[in-house]
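Engineer: no sequence on this one, just coordinates:
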Ligand SMILES: NC(=O)C1=CN([C@@H]2O[C@H](COP(=O)(O)OP(=O)(O)OC[C@H]3O[C@@H](n4cnc5c(N)ncnc54)[C@H](O)[C@@H]3O)[C@@H](O)[C@H]2O)C=CC1
Ligand SMILES: O=C(CO)COP(=O)(O)O
């Protein structure tokens, strides 16, 4: 991929990392692909750790989707000049060993540990442009909360990355509002892995700090589906808030949502463990996102406006460049439910999507009378 504008800015960083060439030749190198609010926090967490792990090179590269700020400066230049992501995480120092790079190929070419953390709608394009460009020994982790729906069915983002790039991909999910972790307020997260515990431990070591406690769980699908599906529940919680329905209603919506998250996950993957829903990626993420997340906030505005202003419009106005995942995930989940004949068994998920596309009013979030009650999981079977 040709360098994007602003690439030369990477030469102005303050890091001493990378100056010891041959000595560090065999050391592991980390690149964070993505530089939104969570991507920037991920870079900060890992950057602080690699300085203390001798097997890792000091420098961390962070790929930036280049844009021009209102001041006329390129975002990459601003990050490397100030050591802050002035647009997506202002006021937080990332660490002097973080180097922003707008050239994706250059950012990943030496890395053997890749952290994917972009809004999920961009991962297809990113993966396609990375084919054949990575080291052969790359391990990846996805922090992306979302899913792809292909003709043959739903595809988790970690699976998509693995299949497109031929690499192993773990996941990290949890109750992780980026701005709170940026301020070093204590929280937990869950690393989901498939088979290789050693790799999972390496990711745990890279992310863990005294204020960020990471637990490995051998249930990659369960962990990732928790992170993905809770965004749909957060949209429902936002509707409840927008209509001032109160705490009991919100608690009911969160409980129903958690149950649908579990049932949907287990129908898609019989290997998914019930215990995963008690980890940070499960119930804790439902709680934090339904109270403090962006999906909740924009859905609240949507309901307050009686559904008359679109989510796209509200997202731009309220989030100022940050991206919502819940509305597109609700649509993707709906496609799966319809295709599998499961719509009636997941009334909350189905209703959220129908409200988002204005087929139902926001008040329908508590009106399931037109749908059958939720069936026990044992009575729902794949077609
Ligand atoms: N922000 C948070 O508190 C958390 C976010 N996540 C997840 O992390 C993932 C990344 O989200 P954030 O870091 O919050 O991003 P963000 O929503 O803060 O920022 C949007 C990002 O998208 C980039 N972008 C815009 N157009 C693009 C394009 N065409 N191609 C590639 N990138 C483009 C922007 O440069 C920016 O980096 C999402 O899946 C989100 O669900 C997970 C946990 C917490
Ligand atoms: O995933 C998140 C917290 O864990 C962030 O949620 P929002 O995207 O709704 O802000």
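Structural biologist: Everything's here; your move. Since the model is a prediction, treat every value here as computed from it, not as a measurement. Ligands and ions are numbered 1, 2, ... in the order given.
Engineer: ok, and the closest non-adjacent residue to the residue of the chain found nearest ligand 2?
Structural biologist: Here the residue of the chain nearest ligand 2 is residue 293; by C-beta to the nearest ligand atom that distance is 2.7 Å. No exception for glycine: its C-beta is placed from N, CA and C like everyone else's. Leaving out its chain neighbours, the residue that sits closest to residue 293 by C-beta to C-beta, 6 or more residues apart in numbering is residue 234, at 5.1 Å.
Engineer: once you drop chain neighbours, what's closest to the closest residue to ligand 1 within the stretch 1-150 of the chain?
Structural biologist: Across the stretch 1-150 of the chain, the shortest distance to ligand 1 (C-beta to the nearest ligand atom) belongs to residue 36, at 2.1 Å. Once its chain neighbours are removed from consideration, residue 36 has its nearest residue in residue 88; the separation is 4.9 Å (C-beta to C-beta, 6+ apart).
Engineer: burial count for the one you found?
Structural biologist: Using other C-beta atoms under 10 Å, residue 88 has 22 other residues around it.
Engineer: I'd guessed it sits against residue 322; true?
Structural biologist: Yes - using C-beta atoms under 8 Å, residue 88 is in contact with residue 322, at 6.7 Å.
Engineer: common neighbours of these two, please.
Structural biologist: Listed contacts common to residue 88 and residue 322 are 36, 37; contacts here mean C-beta atoms under 8 Å, 6 or more residues apart in numbering.
Engineer: please list all residues in contact with residue 360.
Structural biologist: For residue 360, the contacting residues are 351, 354, taking C-beta under 8 Å, 6+ apart as the criterion.
Engineer: by mean pLDDT, flag the weakest helix or strand of the protein.
Structural biologist: Sorted by mean pLDDT, DSSP states H and E, the helices and strands of the chain end with strand 147-150, the least confident at a mean of 84.
Engineer: which parts of it are buried?
Structural biologist: Neighbour counts over strand 147-150 (16 or more other C-beta atoms under 10 Å) mark 147, 148, 149 as buried.
Engineer: just put the residues you listed in JSON lines and tack on distance to ligand 2.
Structural biologist: Putting the buried residues of strand 147-150 into JSON lines (distance: C-beta to the nearest ligand atom, whole Å) gives the following:
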{"residue": "147", "distance to ligand 2": "14"}
{"residue": "148", "distance to ligand 2": "18"}
{"residue": "149", "distance to ligand 2": "19"}
